[in-house]
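Asks: output the structure for:
(one chain, ligands or ions: 2)
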Amino acid sequence: MDLKGLVRDVPDFPKEGIVFRDITTILQSPKGLKWAIETMEKSLKDIEFDYIIGPESRGFIFGVPLAYNLGKGFIPVRKEGKLPYKTKRKEYDLEYGTAVIEIHTDAFKPGQKVVIVDDLLATGGTSKATIDLVEEMGGEVVKLVYLIELDFLKGRDLLKGYNVTSLINYDSE
Ligand SMILES: O=P(O)(O)OC[C@H]1O[C@H](OP(=O)(O)OP(=O)(O)O)[C@H](O)[C@@H]1O
Ligand SMILES: Nc1ncnc2[nH]cnc12
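Replies: Ligands and ions are numbered 1, 2, ... in the order given. Sure thing, here's the model as predicted:
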């Protein structure tokens with residue numbers, strides 16, 4: 001399946017010089033959506049874990065169906081000020097700015113294993129901030145799964161030592 005052909009490139013969004021890889025065109029395609037979820041799911045078949053964690057908002061889109069299909073719980077990591085209960089927060093850099101993410105302090109117990117799922121790995125800032133939150137709360141990140149990886153932004157350099165899978169790769173803008 002040519003999933004890459006279903007990604008829409010939008011130049012100069014959200015800022016001049018950024019080529020935005022738009023996944024809404026994959027979501028629109030019943031076959032594309034099914035292939036994406038099923039293939040991400042296959043990368044988890046030999047992994048033992050307790051929860052899937054998805055960063056807001058595109059991490060929710062892929063994280064929830066994976067958790068549902070695999071019979072696991074889902075933990076949202078949200079942008080600042082959105083989670084209602086007690087939170088732990090982390091500031092991080094993005095390809096196009098900075099942001100703060102938060103997780104509920106009782107989202108999982110120390111010693112539990114989590115998988116991080118997101119639509120796209122760019123600089124790795126979001127993922128590294130999520131890993132830091134999990135580890136500071138005593139959890140273990142056993143796998144990270146992405147639909148898209150922008151290899152040229154070297155996000156994997158921040159994820160050395162972790163088990164990382166991505167389905168669609170871009171070597172350059
Ligand atoms: O590897 P990084 O450089 O951290 O970039 C990747 C992150 O950026 C995007 O989310 P964004 O913060 O734009 O939020 P959204 O999903 O709500 O659009 C994307 O969904 C990843 O979470
Ligand atoms: N170039 C890009 N396209 C889509 N989502 C992104 N998140 C970070 N960089 C991105």
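Asks: please give the element, helix or strand, for the residue most central in space within the chain.
Replies: When the chain is reduced to its mean C-alpha position, the closest residue under C-alpha atoms, centre = their mean turns out to be Asp118, at 1.8 Å. Assessed by DSSP states H and E, Asp118 sits inside strand 113-121.
Asks: quickly list what the residue nearest to the centre of the chain is bridged to.
Replies: Beta-bridge pairing for Asp118 (DSSP bridges): Tyr146.
Asks: that one and Thr165, how far apart?
Replies: Distance, Asp118 to Thr165, by C-beta to C-beta, to the nearest Å: 12 Å. In short, each C-beta sits where N, CA and C put it, glycine included.
Asks: which neighbours do these two have in common?
Replies: 144-146 (C-beta atoms under 8 Å, 6 or more residues apart in numbering).
Asks: contacts only, for Val100.
Replies: Val100 makes contacts with 79-80, 89-92, as judged by C-beta under 8 Å, 6+ apart.
Asks: mind doing that once more with 7 Å?
Replies: Contacts for Val100 (C-beta atoms under 7 Å, 6 or more residues apart in numbering) come out as 79-80, 89-91.
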